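1. Just the structure for this:
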Amino acid sequence: MKKDKRKKLLITGGASGIGAATARLAAQRGYRVMIADVNTSGARAVARSIGDGALPVSLDITSERQWERVLDHAWSKLGGLDVLVNNAAIVRTGYARDVSIANHQQTLDVNYMGPLKGMMAALPRFKAQGSGHFLTVCSMTAFLPFPGIASYAAAKHALRAFHHALALEERHGPLKFTIVHPTSTETPMLEQEARDDALALAFAVPTVTAQHVASVIVDALDSDAVEVFMPPSRARAVRLVGTNPRALRKLVEKNEIIGAKNLRARRRVALRAT
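-> Numbers count the residues shown, from 1 in each chain. Just a heads-up that it's a prediction; the model follows:
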């Protein structure tokens, strides 16, 4: 039997949004893809739409046991993995004072500890096979504390720090590390954010499609990029403002007004479409 030489990729949150778009594009680029999601039926639907080389799998990324089970499945069915794309995330919108402690905790558990558990589960397997690529889908909020999703931004701050710290620890080994920071993206998560006035700042800049983010992710994989910002032109400004509290307050004051105006327009368009 001829050996399948396609690279093998596991993506979390693959049932919709950026995850589904990335799975489809990666398959088009020649990857075999394992589509992991807590929404098993959604993962199956995406796998069916891709066809050959796509495998769906149920995964709650907060569970260490489920991570081990899914990775066992990947090594059994695919013969290993070349790439782990940590993409799954949730959002609990509202000003921090209005969000329950349980929802703050869940956001950190899913958006930070979930990817961490996946990386720690995959790390010894990647090292044993002598290769492996971690791609972390983070966020521009990793640099900007963000009103209306304070815990989400906190989790992304932590996720970026952990990703780079692990990359530094493994810098003399064979593993690759890439982190991507999408801007506001048209996904079910953004639709959720659009229902909350606290998230006006998210709509101050033009949004992009999930397919556009997917192309950035797969290009970053293929080029072994270290860190990718969206859009690249905003990278320096975002980094500088994020470490300057006074400048950050000015930016938020200005852009919340712009975002609120854009959000009202968005809602009017949505209302006319119903």
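
2. right, and residue 15 touches residue 39 too?
-> Yes. Contact between residue 15 and residue 39 holds when scored by CB atoms under 8 Å: they sit 4.2 Å apart. Any C-beta I mention is one placed from the backbone N, CA and C, and that applies to glycine too.

3. ok, these two, which is more surrounded?
-> Legend: neighbour count by other CB atoms under 10 Å for residue 15 and residue 39, higher for residue 15 (24 against 16).

4. Now the phi/psi pair for that one, please.
-> phi -80, psi -10 (degrees, to the nearest 10).

5. Please look at residue 83 and residue 133 and confirm they touch.
-> Yes. Applying CB under 8 Å, one finds residue 83 in contact with residue 133, separated by 4.5 Å.

6. Strands along this structure, start to end?
-> Along the chain, counting by DSSP state E, strands occupy 8-12, 32-37, 54-58, 83-86, 133-137, 176-181, 185-186, 208-209, 227-229.

7. export the ones you listed to a markdown table and tack on mean pLDDT and distance to residue 100?
-> Conversion of the strands of the chain to a markdown table gives the following (pLDDT from 0 to 100; distance: least, CB to CB, whole Å):
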| stretch | mean pLDDT | distance to residue 100 |
| --- | --- | --- |
| strand 8-12 | 98 | 25 |
| strand 32-37 | 98 | 25 |
| strand 54-58 | 97 | 27 |
| strand 83-86 | 98 | 25 |
| strand 133-137 | 98 | 26 |
| strand 176-181 | 98 | 28 |
| strand 185-186 | 93 | 26 |
| strand 208-209 | 95 | 31 |
| strand 227-229 | 96 | 32 |
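
8. could those be laid out in TSV, adding mean neighbour count and distance to residue 251?
-> Shown next, in TSV, are the strands of the chain (neighbours: other CB atoms under 10 Å; distance: least, CB to CB, whole Å):
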stretch	mean neighbour count	distance to residue 251
strand 8-12	26	31
strand 32-37	29	35
strand 54-58	20	41
strand 83-86	27	28
strand 133-137	24	24
strand 176-181	22	17
strand 185-186	18	20
strand 208-209	15	20
strand 227-229	18	16
